[in-house]
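> dropping a prediction and its sequence here:
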Amino acid sequence: AFSPTVWRALHKVAQGGDYDEYKTYAEIVHNRPPTTLRDLLDFNSDRSPIDIDQVEDLPEITHRFQTGAMSLGALSMETHEDLARAMNTLGGRSNTGEGGEDPRRYLPGGDRRDANSQVKQIASGRFGVTPAYLAAAKEIEIKIAQGSKPGEGGQLPGHKVSPYIAMLRHSTPGVELISPPPHHDIYSIEDLAQLIYDLKTANPDAKVCVKLVAEEGVGTIAAGVAKAYADVIQISGADGGTGASPLSSVKYAGAPWELGLKETHEVLVHNSLRGRVILRTDGGMHTGRDVVVAALLGAEQYGFGTAAVVALGCKMARQCHLNTCPVGVATQREDLRAKYFGKPQMLINFLTHVAQEVRLILASLGYSSIDEIVGRTDLLKQIPAQGAVRAERIDLARLLVMIDPDNKEPHRCNQARNDRLHDERLDDEILNDVRESIDSESPITRAYKIRNVDRAVGARVSGYIAKRYGDDGLQPGTIDLIMHGSAGQSFGAFLARGVRLHLVGEANDYVGKGMGGGAIAVRAPEDAGFSWQEGVLVGNTVLYGATGGSLFIAGQAGERFAVRNSGARAVVEGIGDHGCEYMTGGRVAVLGPTGRNFAAGMSGGIAYVLDEDSTFHRRCNPSMVDLEEVRTRRDRETLRDLIEAHVEYTDSARGREILADWAKYLPLFVKIMPRDYKRALQERAEEALAIAVEQD
């Protein structure tokens, strides 16, 4: 698909080639041996050709284009920014990928706003997902699958985690980053619906996209996604990936996008859902012909991944994972990045020619716009496989069946957004009450009753703060909100600096999801009738992907506490299984029992666990961490400060008991220290010492 003949021809096109050179490139692609299902298809129009002047203009086509979700970390800063600059010029969209984005590219005063990616991705790793990042998005993409490795999380080798990348991802330089598989925070379609709700609460102006992988049954999943109020559904084919994936993930995983796209379009039409969502596809697209085939199979928007980076200079050296890219496209090494020769205009040149080919094909089919051909599989036919033995056995008849030929149902999106109707949120009431204080940066305290139907409380207020002030937010405690009752899902999601939430009662799952600052305190009522320490006051998956702030729970939490925490500090009085999984930063103190598999995949941050019966080592996963005593003065002070803040916020009896008999309890604490994190801290300290000696 990207042999040297192909990428060299593409380079000529991108570096100023005219349309004749593009035709040469396209002919090389179209005349290859059958490699994809679309290579076995040709057009079969029911109309006579029309003049190209009757076809929609280039901007009407290029605004449907998008570059793939390739992270800043997998790609160099220069390449990542040029992808965004090119797509912004074309009116299309670039995608941040799951590595976050430099705030200088999206904050109102940023000096690189021309490189602002319109689509901000959040994946299971939540790398770089802060309140301001979400507030700046025009579209937020939830990655629950990716074509090159369906069902797995992403990963970035430690040698690609430079200080700049670590800063963006709230992690430690030199330490490998692993994204949990998507099921760690999305167990069901209801959990996905909750995440969509949370994101639309935090940024009501952004559309939400859900990225799925082309596999059997994806249509059923897509129907659920549409019912969960996503605005866009992306179907990614098995082709793609930046080469940092294991071979077992890249090879023989996923299915062609042609199959996944067709199934998704068909199921959405059959269930009267197609008009509610935009359908997008990507995976190994090369030419305008690929775009037209995708449109005929049901897509309205089209993504270019590998082809886009090839246009910017990639020479398919296949060294992405080694950090040795010879042209500076997929490396963080400064000496190699200096060899990068890409320019935004190169990608603009390529995609403009792609759009021109789309116009020419439309004219040959007798249609004046892409909208007219979306879902028209009757305009395709299967062609002979030209001697390819395996391809000769393929029958694409089911792929070409026309769904709803009488057009009783919409075959493309016909509404601006896919939002809930008459959706009243407690957060709207809160924002109306505190908006003036946010604008004037003056303190305010308000109290509210809360019920379990009140979800994502704090997210809309935080989104408003982030849009105005970025992640700097407000001064601590400016917005002080006191809640009484039972909070619904995602209490304090994406909380911004300057907001404090006090909950007297209990909360469901996802407390503090993605919080970037502020503080959350949860305690039981005085007349609860049970010991606070023994009560489970919050649900599962608390602090998922948090980048900052503080959480204090005068009681126990459910499973997967502080998964992928990268900056928040937290105190809790007992947790279930899988605590601190995949954690990369922050500080956590557990003043009670823990479940099994603590610290699995934990590569950063520090946890302190009260081990009164000396059995914690049986419940800790030792693959990436060591268990140590709390010896150093810094550790003792950090732990005591955490517990003192816990008592201050919650009046915890458990916390007061430990502080009152500190000499007894301190030796019972175990420090959980990730090995790579410890190594990185030691190397940093040695470097600082060497610099100090040299300066002396």
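Structure received. Numbers count the residues shown, from 1 in each chain.
> for the record, mean pLDDT for stretch 537-546?
Stretch 537-546 shows an average pLDDT of 97 in the prediction.
> give me the distance between residue 239 and residue 1.
If you measure residue 239 against residue 1 using CB to CB, to the nearest Å, the figure is 7 Å. For the C-beta atoms, the positions are set from N, CA and C on the backbone; glycine is no exception.
> tell me, what's touching the two both at once?
Residues touching both residue 239 and residue 1 (CB atoms under 8 Å, 6 or more residues apart in numbering): 36, 284.
> quick one, which of the two is more surrounded?
More crowded of residue 239 and residue 1, by other CB atoms under 10 Å: residue 239, with 22 against 14.
> surely the more buried one meets residue 281?
No. Between residue 239 and residue 281 there is no contact under CB atoms under 8 Å: 11.3 Å.
> list the contacts for residue 296?
Applying CB under 8 Å, 6+ apart, the residues near residue 296 are 373, 374, 375, 376, 377, 379, 380.
> format these as JSON lines; extra columns: distance to residue 197, pLDDT and neighbour count.
Formatted as JSON lines, these follow (distance: CB to CB, whole Å; pLDDT from 0 to 100; neighbours: other CB atoms under 10 Å):
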{"residue": "373", "distance to residue 197": "34", "pLDDT": "98", "neighbour count": "22"}
{"residue": "374", "distance to residue 197": "28", "pLDDT": "98", "neighbour count": "21"}
{"residue": "375", "distance to residue 197": "29", "pLDDT": "97", "neighbour count": "27"}
{"residue": "376", "distance to residue 197": "35", "pLDDT": "97", "neighbour count": "19"}
{"residue": "377", "distance to residue 197": "34", "pLDDT": "97", "neighbour count": "23"}
{"residue": "379", "distance to residue 197": "38", "pLDDT": "97", "neighbour count": "21"}
{"residue": "380", "distance to residue 197": "38", "pLDDT": "98", "neighbour count": "22"}
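> out of the residues you listed, which is nearest to residue 479?
The closest of those to residue 479 turns out to be residue 374 (CB to CB; 45.8 Å).
> in this structure, what secondary structure element scores lowest on mean pLDDT?
Among the helices and strands of the chain, helix 247-250 carries the lowest confidence by mean pLDDT, DSSP states H and E, at a mean of 68.
> and for residue 658, the neighbour number?
There are 23 residues near residue 658, going by other CB under 10 Å.
> to which secondary structure element is it assigned?
helix 653-660 (DSSP states H and E).
> contacts for the helix or strand following that helix?
On the C-terminal side of helix 653-660, the closest following helix or strand by DSSP H and E is helix 662-665. Residues outside helix 662-665 that contact it (CB under 8 Å, 6+ apart) are 610, 640, 658.
> how about stretch 409-422?
With contacts defined as CB under 8 Å, 6+ apart, stretch 409-422 is touched by 200, 207, 226, 229-231, 265, 269-270, 272, 274-279, 298, 300, 371, 374-375, 403-404.
> so of those, which ones are in helices?
Judged by DSSP state H, helices contain the following of the contacts of stretch 409-422: 200, 226, 265, 269, 270.
> buried subset of the residues you listed?
Taking 16 or more other CB atoms under 10 Å as the criterion, what is buried in these is 200, 226, 265, 269.
> re earlier: now for the contacts of residue 296: which two are most distant?
374 and 380 (12.9 Å).
> and the residue positioned nearest the centre of the chain, what is it in contact with?
Compute the mean C-alpha point of the chain, and by CA atoms, centre = their mean the closest residue is residue 122, 1.7 Å away. Neighbour list for residue 122: 98, 129, 134, 140, 141, 142, 143, 199, 514, 545 [criterion: CB under 8 Å, 6+ apart].
> how about 6 Å then?
The contact partners of residue 122, by CB atoms under 6 Å, 6 or more residues apart in numbering, come to 129, 142.
> which residues touch residue 208?
Taking CB under 6 Å, 6+ apart as the test, what residue 208 contacts is 140, 196, 199, 230, 231.
> so what's the gap between the one helix or strand residue 346 maps to and the chain middle?
Element membership for residue 346, per DSSP H and E: helix 344-365. Mean C-alpha position of helix 344-365 versus that of the full chain (CA atoms, centre = their mean, to the nearest Å) differs by 29 Å.
> neighbouring strands of the very next helix or strand once past that helix in the sheet, and parallel or not?
Sequence order places strand 380-382 as the next helix or strand after helix 344-365, per DSSP H and E. Applying DSSP bridges, strand 380-382 is found paired with strand 41-43 (antiparallel).
> what's the following helix or strand after the partner strand?
That would be, after strand 41-43 and using DSSP H and E, helix 58-62.
> the following helix or strand past that following helix - what's its average pLDDT?
Next helix or strand after helix 58-62 toward the C-terminus (DSSP H and E): strand 65-69. Mean pLDDT, computed over strand 65-69, is 95.
> ok, stretch 661-674 next?
On average, stretch 661-674 scores 98.
> same thing with stretch 196-205?
For stretch 196-205, mean pLDDT is 97.
> same check, this time on stretch 44-54
Mean predicted confidence for stretch 44-54 is 97.
> can you give me the buried ones in that stretch?
Within stretch 44-54, the residues that count as buried by 16+ other CB under 10 Å are residue 45.
> got the end-to-end distance for that stretch?
The stretch stretch 44-54 measures 20 Å between its terminal residues, going by CA to CA, to the nearest Å.
> who does the helix or strand encompassing residue 211 pair up with?
Using DSSP H and E, the element containing residue 211 is strand 207-213. Its sheet considered, strand 207-213 pairs with strand 139-143 (parallel), strand 232-236 (parallel) by DSSP bridges.
> alpha carbons of it, as PDB, please.
Listed next in PDB are the C-alpha coordinates belonging to strand 207-213 (Å, rounded to 0.1, in the frame of the first residue of the first chain):
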ATOM      1  CA  LYS A 207     -19.800  18.000  19.100                       C
ATOM      2  CA  VAL A 208     -18.900  14.600  20.500                       C
ATOM      3  CA  CYS A 209     -17.500  11.800  18.200                       C
ATOM      4  CA  VAL A 210     -17.100   8.200  19.200                       C
ATOM      5  CA  LYS A 211     -14.400   6.300  17.400                       C
ATOM      6  CA  LEU A 212     -15.100   2.600  16.700                       C
ATOM      7  CA  VAL A 213     -13.200  -0.100  14.900                       C
END
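> now the angle between strand 65-69 and that strand, please.
With axes from the mean of the first three to the mean of the last three CA atoms, to 10 degrees as the basis, strand 207-213 and strand 65-69 are set at 60 degrees to each other.
> how about the helices in the stretch 1-150 of the chain?
All helices of the stretch 1-150 of the chain, identified by DSSP state H, counting those that start in this stretch, fall at 4-14, 19-30, 58-62, 77-90, 131-135.
> who's in contact with the first one?
Under the contact criterion CB under 6 Å, 6+ apart, helix 4-14 has outside partners 21, 22, 25, 28, 310, 311, 316, 346, 349, 350.
> need the worst-confidence member of the residues you listed.
residue 316 (93).
> so that one sits against residue 306, correct?
No. Applying CB atoms under 6 Å, one finds residue 316 not in contact with residue 306, separated by 8.3 Å.
> ok, residue 400 - contacts?
So residue 400 contacts 377, 380 (CB under 6 Å, 6+ apart).
> rerun at 10 Å
Residue 400 makes contacts with 41, 44, 262, 296, 297, 377, 378, 379, 380, 381, 382, as judged by CB atoms under 10 Å, 6 or more residues apart in numbering.
> for it, give its distance to residue 372.
18 Å.
> and residue 317, by the same measure?
The value you get for residue 317 to residue 372, if CB to CB is used, is 42 Å.
> also residue 663?
Using CB to CB, one obtains 79 Å as the distance from residue 663 to residue 372.
> more neighbours, these two?
residue 372 (15 against 6).
> surely the more buried one meets residue 407?
No. If you go by CB atoms under 10 Å, residue 372 and residue 407 don't touch, sitting 11.6 Å apart.
> out of everything not next to it in sequence, what's closest to residue 362?
Computed as CB to CB, 6 or more residues apart in numbering, the closest residue to residue 362 that is not its neighbour in sequence is residue 55, at 4.9 Å.
> what's the separation between that neighbour and residue 65?
Taken as CB to CB, the span from residue 55 to residue 65 is 17 Å.
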